[in-house]
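> build me a structure from this.
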Amino acid sequence: MDKEIYAIAARVGRELERRGLMMASAESCTGGWVSQAVTMVPGSSEWFERGFVTYTYISKREMLGVKGTTLARHGAVSEQVVSEMARGAIRNSHAQVAVSISWIVGPAGGCKEKPVGTVCFGYSRSRAGAVTETRRFRGDRNAIRRRAVIHALKGILKFLPAAGR
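Predicted coordinates for the structure are as follows:
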């Protein structure tokens with residue numbers, strides 16, 4: 001396990017446990033890496049409820065309830081889609097906090113508006129909307145994925161004060 005990712009995941013766990021909250025993840029191109037990171041932490045069953053790996057449009061629709069019209073209008077790599085992914089992870093789990101990630105990691109598939117390295121993140125909590133952001137990371141496919149996992153975990157820590165209890 002990557003020591004930096006493990007340290008951040010352990011901190012996420014402490015903060016969730018302190019607040020009595022459970023977390024879910026909805027991941028696309030990270031392929032469950034956020035879920036893997038948090039479940040490496042002993043005791044994570046106290047604060048990690050489940051993870052969804054939704055790589056395709058159909059899995060995003062079936063597992064998370066992302067609207068086909070949202071996917072068609074904005075594409076999977078969009079703040080609109082990660083917002084629906086995060087809210088769907090809450091709806092389809094027993095978690096109170098969720099993180100979602102979708103991106104273009106390359107080496108191909110990018111365009112001028114969404115170049116390779118474009119990553120969208122969503123954070124949601126029970127009975128609320130979602131906070132979203134888009135970042136661009138440089139590097140090869142694995143480097144971009146790693147940076148996205150770190151950013152997602154750090155994003156949970158930033159989002160938690162707003163999530164309350």
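> check the secondary structure at the closest residue to Ile90 other than its chain neighbours for me.
Nearest residue to Ile90 in three dimensions, chain neighbours excluded: Ala98, at 5.0 Å (C-beta to C-beta, 6 or more residues apart in numbering). Glycine gets a C-beta too; all of them are placed from N, C-alpha and C. State at Ala98, reduced to three classes by DSSP: H, G, I helix; E, B strand; the rest coil: strand.
> surely Ala98 touches Met23?
Yes. If you go by C-beta atoms under 8 Å, Ala98 and Met23 touch, sitting 6.8 Å apart.
> which one's more surrounded, those two?
Set side by side, Ala98 and Met23 show more neighbours around Ala98, with 33 against 27, by other C-beta atoms under 10 Å.
> which residues touch that one?
By C-beta atoms under 8 Å, 6 or more residues apart in numbering, the residues touching Ala98 are 23-26, 86-87, 89-90, 122-125.
> repeat that with 10 Å
22-26, 49-52, 64, 85-92, 122-126, 130, 156, 159, 163 (C-beta atoms under 10 Å, 6 or more residues apart in numbering).
> also Arg14?
41, 43, 47, 157.
> give me the most central residue, this structure.
The C-alpha lying nearest the average C-alpha coordinate of the chain belongs to Ser100 (C-alpha atoms, centre = their mean; 2.5 Å).
> now do it, the pLDDT please.
We have a pLDDT of 97 for Ser100.
> give the contact list for it.
24-28, 30, 34, 52, 54, 60, 64, 66, 81-89, 120-124, 130, 132, 152.
> just the buried ones from those residues, in PyMOL syntax?
To isolate the buried ones among those in PyMOL, judged by 16 or more other C-beta atoms under 10 Å, type:
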select buried, resi 24+25+26+27+28+30+34+52+54+60+64+66+81+82+83+84+85+86+87+88+89+120+121+122+123+124+130+132+152
